[in-house]
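In: Build me a model from this:
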Amino acid sequence: MNFENKKLLVLVASQTNLPLIKAAKEVGCYVITCDNNKDNIGHKYADENIFIDVYNYYSIIEEIKEKNIDAVTSFVSSHGLYSGAFISEALGLKGYEVSNLNTLTNKGEFRNFLRNNSMPFPQYQHVRSIEQIDWEKIEFPVIIKPTDSGGSKGVKIIRTKEELISSFEETKGYSDSGEIIIETFLENGKIINGDCLVSNKTVVASIVGEYIFNKELNNVLPIATLFPVDESSNNAMEQLSNIVQLLNIPNGIFNFEAIIKNDTTYLIEINPRPSGNYIWQLLGYNYDIDILNVLVNLYLNDEYNLPTLKRNSNKYAYQIFYTDTYKKYPGIKLTEDVEGIIKQIIEFKNPNEFMNPYNNLYDRVALSLIEMKNREDELNYLNNINQFKL
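Out: Here you go, the predicted model:
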């Protein structure tokens, strides 16, 4: 297809959105980037820049209404999600419906959706104040989260009433709506997550793995995910396929997290965007496809026929470089055998910049994408996982 007459609006020109911007340019798209940070790296690769805060969607619509935009995406960025949906609805373009997006992104609304559609969910309540908590329904341990925040900010495992009271305001502070969700913590369950590729209301490809934690650091924020898990051991994909239909999920990639306990699969969240840990790239590796080219076509080409999708037999992982102390970034030093299984490293810090202790996703120092072609490669990775702690 000739993309030279196609215009793609990318909300947030960040480092994590740069791969899509470049891919769209490579096939000839006219790319417009939009956010209020002129220093964001993606702007210099675009044909046109709009410097408006992505939350100011009325101003963005006014700016682009005569530009004949063909599609809008925020790709990996959570900041452009609502604007993307609002703009797409206003201009009659494909994308998420605003109401359905709210169902997915608000943790309380998502729990209500699961309950109303007879899907498994942990016991929960979403509240704005300590006074609203129904203590008779609390069974410790619980996990508390802001209803509308990402990156694991404010997420805590709580084991006593006193601990919940003392942590309440801190977690609430990360919520734009001032609301938190308190839910039963499914202790000792297997936590899985992954990215799913959607075409015409069908999940056509997926990569699903199990979290790896450094439990000395915390057991809420993973340091890696190892792919794939045996999907026959759970019904996550069945539930997700149902949700794709119910919520009219558009072409593209979404990310999810679930917990499997006592043979029951609990969907914890669905993010209406690819994972910020580049799982979308691992999905491309796993199916031997140019995933970015596939996405550009799904966004812009109504006549697109997907390539044959068949998984290879390799294992994959994303592995975060992190630290538990505040210090300068020394750069990455790995042994040759570990370097040999790494497909890509994405750095979020420059040498000698200060690193923060790894308390949420924004504290990542770097990220590695790993491909393991045999058991020896897998053991090599797992036995040397300490090399990624800086």
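In: Please make it C-alpha for all contacts and neighbour counts, starting now.
Out: OK.
In: in the sheet, who's paired with Gly209?
Out: Asn193 (DSSP bridges).
In: To clarify, my last question referred to Thr225.
Out: Tyr211, Tyr318.
In: What is the burial count for it?
Out: 23 (other CA atoms under 10 Å).
In: The stretch 101-250 of the chain: strands as residue ranges?
Out: With DSSP state E, counting those that start in this stretch as the criterion, the stretch 101-250 of the chain has strands at 124-127, 142-146, 156-158, 180-184, 190-199, 202-212, 224-227.
In: give me every residue that touches Lys343.
Out: 368-371 (CA atoms under 8 Å, 6 or more residues apart in numbering).
In: how close does it get to Tyr304?
Out: 29 Å (CA to CA, to the nearest Å).
In: And Ile21, by the same measure?
Out: Distance from Ile21 to Tyr304, by CA to CA: 19 Å.
In: Between these two, which has more neighbouring residues?
Out: Ile21 (28 against 13).
In: follow-up on the earlier one: please spell out the PyMOL selection for the buried subset of the contacts of Lys343.
Out: Buried residues within the contacts of Lys343, by 16 or more other CA atoms under 10 Å, are selected in PyMOL with:
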select buried, resi 368+369+370+371
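In: Just the ones of the contacts of Lys343 in strands?
Out: Within those, membership in strands is found for 368-371, as judged by DSSP state E.
In: can I get those in a markdown table with pLDDT and distance to Thr325?
Out: Output for the ones in strands among the contacts of Lys343, formatted as a markdown table (pLDDT from 0 to 100; distance: CA to CA, whole Å):
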| residue | pLDDT | distance to Thr325 |
| --- | --- | --- |
| Ser368 | 98 | 20 |
| Leu369 | 99 | 24 |
| Ile370 | 98 | 25 |
| Glu371 | 98 | 29 |
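In: Please produce a markdown table containing those residues, extended by distance to Asn255.
Out: As requested, the ones in strands among the contacts of Lys343 are arranged in a markdown table below (distance: CA to CA, whole Å):
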| residue | distance to Asn255 |
| --- | --- |
| Ser368 | 19 |
| Leu369 | 17 |
| Ile370 | 19 |
| Glu371 | 20 |
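In: Next, Asn37: secondary structure please.
Out: For Asn37, the assignment made with DSSP: H, G, I helix; E, B strand; the rest coil gives coil.
In: out of the strands of the stretch 101-250 of the chain, nearest to Phe254?
Out: strand 190-199 (5.5 Å; CA to CA).
In: packing partners for that closest one?
Out: Where contact means 3 or more CA pairs under 8 Å, 6 or more residues apart in numbering; DSSP states H and E, strand 190-199 is packed against strand 202-212, strand 252-261, helix 279-287.
In: returning to that earlier point: just put the strands of the stretch 101-250 of the chain in CSV and tack on mean pLDDT.
Out: Shown next, in CSV, are the strands of the stretch 101-250 of the chain (pLDDT from 0 to 100):
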stretch, mean pLDDT
strand 124-127, 88
strand 142-146, 89
strand 156-158, 88
strand 180-184, 89
strand 190-199, 96
strand 202-212, 96
strand 224-227, 98
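In: of those strands, which approaches Pro274 most closely?
Out: strand 190-199 (6.3 Å).
In: Name the residues that touch the closest one?
Out: Contacts for strand 190-199 (CA under 8 Å, 6+ apart): 203-211, 225, 229, 249-261, 274-275, 279-280, 283, 298.
In: ok, 6 Å please
Out: 203-211, 251-260 (CA atoms under 6 Å, 6 or more residues apart in numbering).
In: same check, this time on stretch 87-96
Out: Against stretch 87-96 from outside (CA under 6 Å, 6+ apart): 85, 250.
In: can you pull the alpha-carbon coordinates of it into PDB?
Out: Provided in PDB are the C-alpha atoms of stretch 87-96 (Å, rounded to 0.1, in the frame of the first residue of the first chain):
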ATOM      1  CA  ILE A  87     -10.000  13.000  19.200                       C
ATOM      2  CA  SER A  88     -10.800   9.800  17.300                       C
ATOM      3  CA  GLU A  89     -14.500  10.000  18.300                       C
ATOM      4  CA  ALA A  90     -14.700  13.700  17.500                       C
ATOM      5  CA  LEU A  91     -13.200  13.200  14.000                       C
ATOM      6  CA  GLY A  92     -15.000   9.900  13.200                       C
ATOM      7  CA  LEU A  93     -11.800   7.900  13.200                       C
ATOM      8  CA  LYS A  94     -11.200   4.300  14.400                       C
ATOM      9  CA  GLY A  95     -10.100   3.900  18.000                       C
ATOM     10  CA  TYR A  96     -11.200   3.300  21.600                       C
END
